[in-house]
Structures are given as structure tokens and as C-alpha cells.
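> Need coordinates for the below:
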Amino acid sequence: SIAIYLLFMSAMLFVFYRGAKIVRSTMLAVSMLLLVVACDGLGRFTLSLNPSSTFQLTVSMHEEMAENDHNGLFLVLSAGLFFAAVVGFVPLKSSFVYLVGFSLLLGFTATKATLGWAFPLSMGNSEFLSHDLNRFPFIFVFVYNLCASLVGFWPLPKSPSAVTANTRQSSQYLCLVNALTYFIPIVAIFVSVVSDMFGECILGVAFHSILINAVVCVSTRLKELSVQKGKVDTIPTSASNTLKPVVSAYRSICMLSALMGILWMVVLCFYSPEMDHDVFIPLSTLLVVCVKHNGFFSGLRPIAAAGLLASFWWVCSALYALFIRDFSSEWWTPSSLQHPSTFAGSGLFPDENVSVWSESFSWFTVVLHVVLLIVPLPGLLLGSLWRRKEDSEEVLFVLATASALALIGAQINSIRYLGLVGAISAALRCYEIGAINRQRDRLI
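Here you go, the predicted model:
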């Protein structure tokens with residue numbers, strides 16, 4: 001009740017008296033702390049009053065503290081704090097102390113919201129994996145969330161008029177904090193190896209690393225677009241030398257976070273047999289969409305760059321399925337690649353074993369899949385990477401049709417997905433050329 005009242009009063013101050021930033025922020029912080037206590041974030045408290053005792057008011061916790069982490073409630077609290085920071089309810093730009101305090105509070109609530117997802121208690125009864133505040137899972141997730149919050153809400157100017165001489169130094173600090181976020185999961189893996197808990201911790205570390213890198217990638221791209229509303233080239237000459245380091249810092253953070261997200265997805269799929277690596281790893285390449293068009297390939301659209309990265313993975317997966325799979329089931333091969341995917345065991349398009357080392361080996365099947373692997377590549381490359389004025393609409397139509405053969409005739413999912421993307425890429429380029437030709441005919 002006190003927390004809701006303080007929230008109401010801080011909202012009233014935000015509407016009718018915006019000058020009271022310190023009072024408003026203090027009320028918000030106290031209300032969030034009370035909500036954390038009310039949601040059993042620090043344990044289930046019991047207040048008992050004993051007049052005959054020396055300590056009249058006793059505060060104790062129930063033993064069933066770890067039975068329910070209330071992930072949903074803390075997720076709502078984290079979303080509320082995030083929304084309050086976005087709309088300017090919390091004056092993060094007024095002082096660095098506000099930023100640190102808000103990041104600590106958001107980091108704690110986000111940790112309580114995601115801890116049960118990354119390190120569920122059902123993984124085991126090991127004391128090392130408990131959700132206590134002084135144990136490895138909580139410390140890792142909290143520090144990671146704290147650094148991500150600092151990067152996401154780092155106070156930087158939004159317009160050339162707000163640029164100061166300290167902007168370049170502030171952007172350097174931002175890059176330093178972001179570099180720290182890349183080393184946190186490596187340190188966590190080292191600690192788990194030393195504690196002989198690598199197998200139990202790797203999935204949680206990889207999952208949370210993917211989540212954090214995706215959030216940082218999207219948030220930094222949005223903040224980059226907010227600087228001059230995405231029109232960096234229109235910055236006046238007097239402010240360009242100080243504002244461009246900010247934009248370049250955002251771009252580098254966004255690109256590195258996208259790459260790290262893809263890398264951790266590869267690690268997660270390699271150590272998790274339940275995840276289809278031909279689906280989730282290509283899905284992680286969609287983070288490239290947040291990167292500016294010249295971040296990976298000059299002049300290439302972000303969605304096309306994501307398609308090329310996904311296609312590269314499917315080519316590698318197909319080559320593995322054809323020439324390496326079953327070579328030695330115990331030799332360096334991760335458990336997720338020793339057996340067919342759990343998503344492709346049956347149905348209209350099952351994922352068959354077509355390796356040259358399989359017991360049902362057939363040269364005809366191997367050669368057929370090598371041909372089907374090569375067929376979609378021309379349409380994919382001409383539709384996305386090699387776009388020329390001399391491209392023929394008829395040729396691209398034939399390539400799109402030929403790419404569909406891989407979707408129909410292949411017996412492994414990687415070649416099917418590659419054929420689907422190749423057909424879509426060639427078909428879109430064919431439609432684009434047709435639209436240009438029709439417009440040209442109308443002009444004539």
C-alpha cells in the first residue's frame with residue numbers, strides 16, 4: 001500500500017511539478033524497493049511484535065523462500081522501470097549517481113525475473129546453483145544486467161546543441177563498460193570450469209548472454225537513430241567533431257553485440273540437443289538487421305546480410321551432414337550434432353541421415369544432395385549480393401524456380417532452408433527488375 005501511494009505521488013509530481021526531480025526519483029526508488037519486498041524479492045518476511053522482549057519488532061524469513069521466484073511479477077516491475085526511464089520519468093541525465101542507482105534497481109529486478117529461466121532450480125540441488133544472493137547464478141546475472149543497463153541508459157547528447165567537450169570522453173567510458181559485458185560470461189565459464197560445474201552452467205550462461213546482447217543491440221540502434229533522428233550527416237560542422245564519436249560508439253557496440261549474440265547462440269545450440277541448430281542459429285542472425293547497412297557488407301541491406309549469414313550456416317551444416325556426420329560419434333562432436341534434431345524426426349519433411357559414413361550410404365543420394373546444395377547459390381547471390389543493372393528478369397525467374405527444387409528434393413533441413421531463401425531472394429530481385437522495366441515502358 002505504501003509503495004502504490006508513493007508511485008501515485010511521484011506521478012503527480014511528474015505531471016504538476018517537474019522541477020522536483022530529486023523528490024520524485026526518491027519516491028520512485030523507495031516504492032520500487034517496497035514492491036520488491038512485497039513480491040518476496042528478498043525473501044518472505046514475517047513481522048512479529050513481542051512487547052515483553054528486548055527487541056519488540058522481529059523480522060524473519062520463511063524457509064520456503066526459494067520455492068517461488070515470482071519471475072512474472074519481477075518482469076512486470078522491470079518493464080515498468082524501463083518504461084519510466086524511456087519516458088523521462090527518472091532524470092538519468094541529471095547525475096551519474098541517478099544512472100548507477102537506477103541501474104542497480106533495474107539490474108536486481110531483471111535478475112529476479114530472468115534467473116529462473118537461465119538457471120532453473122530443477123537443474124539440480126547443488127548449492128553452487130542455488131538462487132541465493134551470494135551464489136554464482138545470482139551474481140553472474142546481476143552483474144551482467146547491471147552493465148547492460150548502464151550501456152542502454154548511458155546519458156549522451158541527443159542534439160548538436162547539447163554537445164559538450166566531455167562527449168568524446170563519455171563515449172570512451174561507454175565503450176569500456178560495454179567491453180566489460182563481453183568478458184563477464186567468459187569469467188562465468190571459467191568459474192564454472194574451476195568449480196567442476198561447466199555442464200550445468202554453460203546453457204544458462206549462453207542463454208542469458210544471448211538475451212543481454214540482443215537487448216543491447218536493439219537499444220543502442222534505437223539510441224543511434226535518436227541522435228539527430230538518424231540524420232548524422234546533417235550535423236553542423238561545429239558539433240560534428242564531438243558528436244560523431246558518439247554515433248560511431250553506438251554503431252560499434254551494436255555490431256559487436258549482434259556478433260556476440262550469434263556466437264552465443266551457436267554455443268547454446270551445440271550444447272543443447274533439444275534445440276534445432278538449423279533454425280535457432282539462422283534466427284539469431286536477424287540481429288544483423290539492427291546494424292547500419294555498411295556495418296558488414298558495404299551497400300547491402302541489413303535483411304540481405306542476415307540472409308547471407310544464415311545461408312552460410314546452412315551450407316556448413318549441409319557439408320557436415322554429408323561428409324562429417326557419423327565419422328566418429330565420440331570424436332569432438334557436440335551432443336547436439338551426433339543425432340538428428342528433435343524437431344525433424346517425422347512429418348512430411350523428415351531430416352534423414354545422408355552422410356557418406358552412414359550404414360545406409362548411397363552415392364546417388366550424396367551426389368544428389370551436393371547438386372541440390374549448389375543449385376540455390378546463384379539465385380541467392382544474384383538476388384542479394386551481386387546486384388547489377390544488367391541482371392535479366394528471365395534468368396532470375398529460372399534461378400528462383402531451380403532453387404525451389406532444393407526445397408522439394410532434399411532430405412535434410414539445411415538444404416531445404418537454403419533452397420527456400422534462395423528462391424525468395426531470386427524471386428524478389430526478379431519482381432524488382434520487372435517493376436523497373438514496367439516503369440521504364442510507361443515513361444517511354
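> got any ranges where the stretch 251-400 of the chain has weak pLDDT?
For the stretch 251-400 of the chain, the stretches flagged by pLDDT under 70 are 293-299, 328-349.
> Would you state the helices of it in chain order?
For the stretch 251-400 of the chain, the helices identified by DSSP state H, counting those that start in this stretch occupy 277-284, 302-323, 335-338, 363-374, 376-380, 393-409, in order along the chain.
> okay, the ones you listed in JSON lines with mean neighbour count next?
Any C-beta I mention is one placed from the backbone N, CA and C, and that applies to glycine too. Shown next, in JSON lines, are those (neighbours: other C-beta atoms under 10 Å):
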{"stretch": "helix 277-284", "mean neighbour count": "20"}
{"stretch": "helix 302-323", "mean neighbour count": "20"}
{"stretch": "helix 335-338", "mean neighbour count": "15"}
{"stretch": "helix 363-374", "mean neighbour count": "15"}
{"stretch": "helix 376-380", "mean neighbour count": "24"}
{"stretch": "helix 393-409", "mean neighbour count": "18"}
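> between these, which one is nearest to Gly419?
Closest to Gly419 of the helices of the stretch 251-400 of the chain is helix 393-409 (C-beta to C-beta; 2.8 Å).
> Can you mark which positions in the helix or strand that the closest one is followed by are buried?
Using DSSP states H and E, the next helix or strand after helix 393-409 towards the C-terminus is helix 413-443. Residues of helix 413-443 classed as buried by neighbour count (16 or more other C-beta atoms under 10 Å): 413-427, 429-430, 433.
> can you check stretch 351-361 too?
Within stretch 351-361, the residues that qualify as buried by neighbour count (16+ other C-beta under 10 Å) are Asp351, Glu352, Asn353, Val354, Ser355.
> ok, and the closest non-adjacent residue to the second one?
Leaving aside its sequence neighbours, Glu352 sits nearest to Gln411 (C-beta to C-beta, 6 or more residues apart in numbering; 4.1 Å).
> Now do the contacts for the one you found.
For Gln411, the set of contacting residues under the criterion of C-beta atoms under 8 Å, 6 or more residues apart in numbering consists of Pro350, Asp351, Glu352, Val354, Thr365, His369.
> if we can go back for a sec, could I get the helices of the stretch 251-400 of the chain as TSV with distance to Val76?
Supplementary listing: those in TSV, determined by distance: least, C-beta to C-beta, whole Å:
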stretch	distance to Val76
helix 277-284	26
helix 302-323	32
helix 335-338	34
helix 363-374	47
helix 376-380	43
helix 393-409	42
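> so which of the ones you listed gets nearest Phe142?
Taking C-beta to C-beta as the criterion, Phe142 comes closest to helix 277-284 out of those, the separation being 24.4 Å.
> Going by contacts, tell me the helices and strands next to the closest one.
Using 3 or more C-beta pairs under 8 Å, 6 or more residues apart in numbering; DSSP states H and E as the contact criterion, the neighbours of helix 277-284 among helices and strands are helix 237-270, helix 302-323, helix 413-443.
> Can you spell out which helices and strands pack onto the longest one?
Looking back up the chat, that one is helix 237-270. Applying 3+ C-beta pairs under 8 Å, 6+ apart, we find helix 237-270 packed against helix 167-194, helix 198-226, helix 277-284, helix 335-338.
> likewise the last one?
On a contact count with 3+ C-beta pairs under 8 Å, 6+ apart, helix 413-443 meets helix 277-284, helix 302-323, helix 363-374, helix 376-380, helix 393-409.
> what does the second one give?
The helices and strands touching helix 302-323, judged by 3+ C-beta pairs under 8 Å, 6+ apart, are helix 277-284, helix 363-374, helix 376-380, helix 413-443.
> With distance to Ile4 as new columns, can these be given to me in a markdown table?
Formatted as a markdown table, these follow (distance: least, C-beta to C-beta, whole Å):
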| stretch | distance to Ile4 |
| --- | --- |
| helix 277-284 | 40 |
| helix 363-374 | 61 |
| helix 376-380 | 56 |
| helix 413-443 | 50 |
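> if you skip the residues just before and after it, what's nearest to Val288?
Going by C-beta to C-beta, 6+ apart, Val288 has Ala306 as its nearest residue, at 4.4 Å.
> so that neighbour touches Cys290, yeah?
No - counting by C-beta atoms under 8 Å, Ala306 does not reach Cys290; the two are 9.9 Å apart.
> overlap in contacts of these two?
Looking at what touches both Ala306 and Cys290 (by C-beta under 8 Å, 6+ apart), there is no common residue.
> Identify, from the buried residues of stretch 351-361, the entry nearest to Ser248.
Asp351 (43.5 Å).
> thinking that closest one is in contact with Ile412, fair?
Yes - with contact defined as C-beta under 8 Å, Asp351 and Ile412 form a contacting pair (5.6 Å).
> before we move on, the earlier item: looking at the helices and strands packed on helix 277-284, which is nearest to Cys217?
Between these, helix 237-270 lies closest to Cys217; by C-beta to C-beta that is 3.9 Å.
> relative to helix 167-194, how tilted is the closest one?
The directions of helix 237-270 and helix 167-194 differ by 10 degrees, with axes from the mean of the first three to the mean of the last three C-alpha atoms, to 10 degrees as the criterion.
> quick one: helix 237-270 to chain centroid distance?
Put simply, helix 237-270 sits 13 Å off its chain's centre (C-alpha atoms, centre = their mean, to the nearest Å).
> Repeat that for stretch 373-389.
Centroid separation between stretch 373-389 and its chain, computed with C-alpha atoms, centre = their mean, is 29 Å.
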